[in-house]
Each structure stands twice: as C-alpha cells, then as structure tokens.
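Colleague: How does the following fold in three dimensions:
(one chain, ligands or ions: 1)
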Amino acid sequence: MQKRVRFFQSVNFKIALTFILILVISIEIIGAYFISNLENTTITSFYNDMNQRTSALASNVGTVLNNSESGENFDDLSSEVQQVINNMNMTDIIEVRVINAESTILATNETSGTSLVGQKNDYAVLNDFDVLNEQQVDENNERVYINVYPIQSNAGNLGAVYIRSNVESQYAEISKTAFIFFSASLIAAVISIIVALWVSRSITQPIEEMRLHAMRVANGDYSGRVQVYGKDELSQLGESFNQLSERIEETQDSMEAERNRLDSVLTHMTDGVIATDRRGTVITINETALSLLGITSEEAVGESILTLLNIQEDYSLRRLLEETKDLLLDRSESDRRENQLILKVNFSMLRRESGFISGLVAVIHDVTEQERTEQERREFVSNVSHELRTPLTSMRSYIEALSEGAWQDEEVAPQFLKVTLEETDRMIRMINDLLDLSRMDVGTTTTLQREFVNFTELVNFVLDRFDMMVSSQEKEYVIRREFTQRNLWVEIDTDKMIQVIDNIMNNAIKYSPDGGTITVRLIETHNNIIFSVSDQGLGIPRKDLGRVFDRFYRVDKARARAQGGTGLGLAISREVVKAHGGSIWAESQENRGSTFYIALPYEPYEEDWWE
Ligand code: ADP
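Modeller: Now for the predicted structure:
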C-alpha cells in the first residue's frame, strides 16, 4: 500500500513542468517577436540613415560641382570634393567614392587611396548613374549596404556618389541584444523552476500528507490528523479529511463495541450458536457450540455446517432451509449414561429486506436430560403396566379355574385362593411402593417428618428385628455389627430411614441363597455418617451395578420376582436418601457378594450437650 510516488510522476513535478513550459513558450514567442522587430527597426533606420547621408553627400558634392568654374582644373575640383568627404560623418561607412560625369574618380574616403583619384571608376553600379539602395555580400562574405546617388544639375548628370556601409555590425549588435535577452531568459527560467517547485510543493505538501493519512486510515490507524496550514481550499479539504477520519474512528469504535457485545452475548449463552454464510460455510461459532460438538474453533470455521453436524447424508442445505426447522441429533458416544448426548438443533434463515437469503443460524440445545426423562417416563409406564399385568393374569386364571368348579375341590381350592391372596398382596405392595415413589417425586423435603434420632440406636433396633427372624429362615446367616463407639445424632425421617435399612437388609438376605455373614458397619467421617451392609451372596454384575437403583430394574427378573420383589425397593431408597441430602451406592463382585453404602450428612455434636 505504501507505494512511493516517483518524482517524475508526482503532482509536484507536473505543476513545476507546466510552469516552466508556459514560461519557456512565452519567452520563445516574446523573444521571436522582439528580435524580429528589433532587427526590422534597426536595419530600416540604418538604411534610412545611409540613404539620407548618401543623398546629403550627393547634394553637397553637387553644390561644389555646380559652383566650380568651367575649366577648373581636375585636381582642384577633386580636393574640394575630398574636403566635403572629410567633413562627413564616417560612422559605419566603409567606403565613399565620388565620380564625375566621365566616370573618373573625383575623391574617396581612403586617405591612402588617393591613388584611385583620377582613375576610371571600376564599379559598374556607379557607372549606371542610377539611384541604388541595396544590401549585398562582399568578398569577405560580410553583409554591406550599397548606396549610389547621381549628382544632377539642370544641365544633366554631373557625376555620382557611392557609399558602402557596414550592415554586419548592426546584425552583430542585434545578435548581442538577442544573446542578452536569452541569457536573461535562461536565468529567469532557472529562478522560475525553483519558484515553481517551491510553489507546487506548498500545494502538494498538504495533498501528500492527506495521501499518507488516507493510507494509514485504510490500514486501520485512525489516530493521526492532517496538519491544517491556512485557510485556503486545501486547508478546508484537510479539515474535512480530519472530520472524516474522526467519524470513521467513531463508527469503527461503535462497531467494535457492538461486535464485542455480540461476542460476549454469544460466548456466555448457554445455547450453542452457529452462523453460516449462504453456502452453509461456518462463519461464527460460540464456545457452547464448540464444547457440545466437541471440536475446536479452527476445525469448525470454514467447514460446512452439514459436515459439522454429520447430517450431510440425510440433508441438503436446500432441504434444511425449506423444510426443517428442528432437528434431533444423537451424538452419544456409547450407551453409557455419562456418554449420552442428545442435541436439538433449531435452524433459522437470515434474510435481507430484499428477501435474499444471506445465511443460516443454528441454535443448539443440549436436551439429553429432557430426552432421558422422557424415555424413563415412557419406560416407567410400560413397566408398571407389565408388572401389574403379570399378577392379574395369574389371578385371573386361578379365579377362572375356581369358578369353573375347582371351588368344590377341597384340596385345590384353598391352594388356589392362597395364591390369589399372595398375588393380591404383591400388587398392594407394589402399588404402595409406587405411591411412596410418587409422593417422593412430588415434593421431596416436604414429605419428610424429620426428628433428631440416635442413628446407632435406630440401626440396632432394625438389626435386632432381623436377628429375631434368623431362626425362622431356612438358610443360616449371621449378622455382624461393626459400629463406631459414639452415638450419632442426626435429623431424619425415622420411618422412611427404617424402610431403607429394611430394604437393604432384606436384599442382602434375599440375594444370599446360601446364607453367610452380613456385616453392617457404621462409621463417621468429618461430616458424614457412612452406613454399609455387606453380604456374601450372588453379587451384581458390573454392567448392572449402576442401574439397580432404577425403577423396576432387576438383575435376574425371574429370581427377583420369585422372591416377591417389586424392583422398586432400591429406587425408593435412593429417593429417601436423596431427600435427606445423602447418597447411596453399591459395590459388588459377582458371586462373592455386594456392599450397599449410604452416606448421610452429619454435624458432630459434643455428647454432653445432650445430657
Ligand atoms: P427387588 O424388590 O427386586 O429386590 P430392589 O430395588 O430392592 O428390588 O433391587 C433391585 C435389584 O437389585 C434386585 O432385583 C437384585 O437383582 C439387585 N440386588 C439388590 N440388592 C442385592 C444384593 N444384596 N445382592 C445381589 N443383588 C442385589
């Protein structure tokens, strides 16, 4: 951009050159006119002078000849004429010659040339006795002026005078004047070159400054200002230029601020935003969109939005614009819950006022949680219907058999009725569980009846009940207690917590077909109580470990159902523990046993505080 202007291409040079050309042409014209006029006047006046002097000489010599007595001797006459010549102004005159009627030379101007006197004149022009005024070139190649004038009297021709004068000196004089003129012109030209350069520089200097400033502005530097020198048009232009760059700077600043605002809005948006041009090439993408799609800005910008969302096989840009407004993308890496990612993309077109589509904006929302909840809800409804149908179907078949006559059979009838009762009980249990869950779902904390209880005591109380049941069980098992010495006081809903502990203990017994030791531990940490139940039973396969707390989830459906389980126990336990601000989890090794943990928030109190 910063291109240097060569001197010969500059406005500076052009203005100076114009000045000089005008000056030179003027000098040329004036000079030619002046010199030709000078030559004309000088030469004409010289001719006139010579003509006059010749006619004066002729007249003077005529007087002498007229006054001479007839028969006067030639020598006397000659010397009288010589006298006239001697009295004459000889400036510029080279030769004077006077002849008588017989063409004999009477006198000349040459003092040494008296030898010619008395001789016959050899100049043809003189012998013609005619008036002659003529410029000629002599034997030395010099210009001379020849005047011949006849001396006349009443009687006729008395002779003639001849003057040869030096015109060359006049020309030399003119040349000298012309030389002075031209050398003066040359000096004037040099001075005017300097003046012209100076003047044009003073004009072009502000222009040059404006040019440099304009280039800086074009490169985005608005800080400089053009110097304003005076009050002329150029200064006004400079002032306007400064105002212009101020305006541009302001506009640029406000655009920059606007862009920053937009950027920060985009950056802090919780939704992902992608903007493309009309060909679908990504121009802008915000941080959220980048992290949702798991790419970097460099990878995204310039890429097609179809490729970016990996929908190029199913959609063309046209179809996307014309038909699709919303799109659900499954970007899950695997079936695992933590790797699931479901995105909802909402497309809208960017249209100019003319209707021209200038681009596309895609807003991306993470709807994984929403979709998951929706999915769970669907599964739950299907599970509930399935779970209720099984006991109902079995009850129906027993009742049908009874009504068809089995009621009379004393052996079968009580058995059938027992099964029906058991199934009804199971259904009631399940519905109670479901009601519990639904209550927990509606409002978690409000449903809790909290009270301060000694948790150690509470656990002991529940375990004592289980100890009592040991004898009634077919299998043999031992319950071992490993408790902290301290009494742990916590604010909990006793009934609900007993339900949770019951459930975990029941599970430990249910899923340990060969009995074994069930270890119940109670420890305290800095701000938690950790309650755990370990059994030596079936254990839970690794892949199911995370899901046993889901509603209706059972590892081995047949066995669980046979045990009378509803598949809701752990789900309720999780909700209860969550409502208490705690957490529940399980660790297990298949066929070796499982450990269920419950952590409850706990603030240790000084024991004597309660005493
Ligand atoms: P259920 O009424 O079927 O016992 P739960 O919600 O209490 O329902 O338990 C869900 C599933 O977790 C059970 O069906 C069982 O497969 C598994 N489970 C729970 N506790 C244990 C345990 N201690 N050992 C092995 N499996 C267990």
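Colleague: Counting neighbours, what do you get for the residue of the stretch 101-250 of the chain found nearest the ligand?
Modeller: Residue nearest to the ligand within the stretch 101-250 of the chain (CB to the nearest ligand atom): Gly220, separated by 67.7 Å. For glycine as for every other residue, the C-beta is placed from the backbone atoms N, C-alpha and C. Close neighbours of Gly220, defined as other CB atoms under 10 Å, add up to 8.
Colleague: can you check the one 5 residues further on too?
Modeller: When neighbours are defined as other CB under 10 Å, Arg225 has 14 of them.
Colleague: and the protein, which residues reach the ligand?
Modeller: Residues of the chain lying close to the ligand by CB under 6 Å from any ligand atom are 503, 507-508, 511, 535, 537-540, 548, 553-556, 560, 565-571, 594.
Colleague: how much space is there between the nearest residue to Leu448 once chain neighbours are set aside and Val442?
Modeller: Using CB to CB, 6 or more residues apart in numbering and skipping the chain neighbours, the partner closest in space to Leu448 is Asp493 (4.3 Å). The span separating Asp493 from Val442 equals 15 Å under the rule CB to CB, to the nearest Å.
Colleague: Report the beta-bridge partners for the residue nearest to Leu448.
Modeller: Going by DSSP bridges, Asp493 is paired in beta bridges with Arg450.
Colleague: Report the contact partners of it.
Modeller: Residues in contact with Asp493 (CB atoms under 8 Å, 6 or more residues apart in numbering) are Leu448, Gln449, Arg450, Glu451, Val576, Ala579, His580.
Colleague: Contacts only, for the second one.
Modeller: Listed by CB under 8 Å, 6+ apart, the contact partners of Gln449 are Asp493, Thr494, Asp495.
Colleague: burial count for the second one?
Modeller: Going back to what we said before, that points to Thr494. Residues near Thr494, counting by other CB under 10 Å, number 15.
Colleague: Also the one 3 residues further on?
Modeller: Counted with other CB under 10 Å, the burial measure for Met497 works out to 25 neighbours.
Colleague: mind listing what's buried in the helix or strand that it is a member of?
Modeller: Assessed by DSSP states H and E, Met497 sits inside helix 494-510. Neighbour-count burial for helix 494-510 flags 496-501, 503-510 (criterion: 16 or more other CB atoms under 10 Å).
Colleague: Check stretch 166-174 too.
Modeller: The neighbour-count check on stretch 166-174 (16+ other CB under 10 Å) flags Asn166, Val167, Glu168, Gln170, Tyr171, Ile174 as buried.
Colleague: Let me know the closest of these to Val412.
Modeller: Proximity of the buried residues of stretch 166-174 to Val412 (CB to CB) peaks at Ile174, which lies at 163.1 Å.
Colleague: per-residue confidence for that closest one?
Modeller: For Ile174, the pLDDT comes out at 91.
Colleague: What helix or strand is it located in?
Modeller: Counting by DSSP H and E, Ile174 is part of helix 168-218.
Colleague: now Gln136, what's its secondary structure?
Modeller: strand (DSSP: H, G, I helix; E, B strand; the rest coil).
Colleague: Count the residues that sit near it.
Modeller: By the measure other CB under 10 Å, the count of residues near Gln136 is 12.
Colleague: Tell me who's in contact with it.
Modeller: By CB under 8 Å, 6+ apart, Gln136 lies in contact with Arg143, Val144, Tyr145, Ile146.
Colleague: Brilliant, that's me finished.
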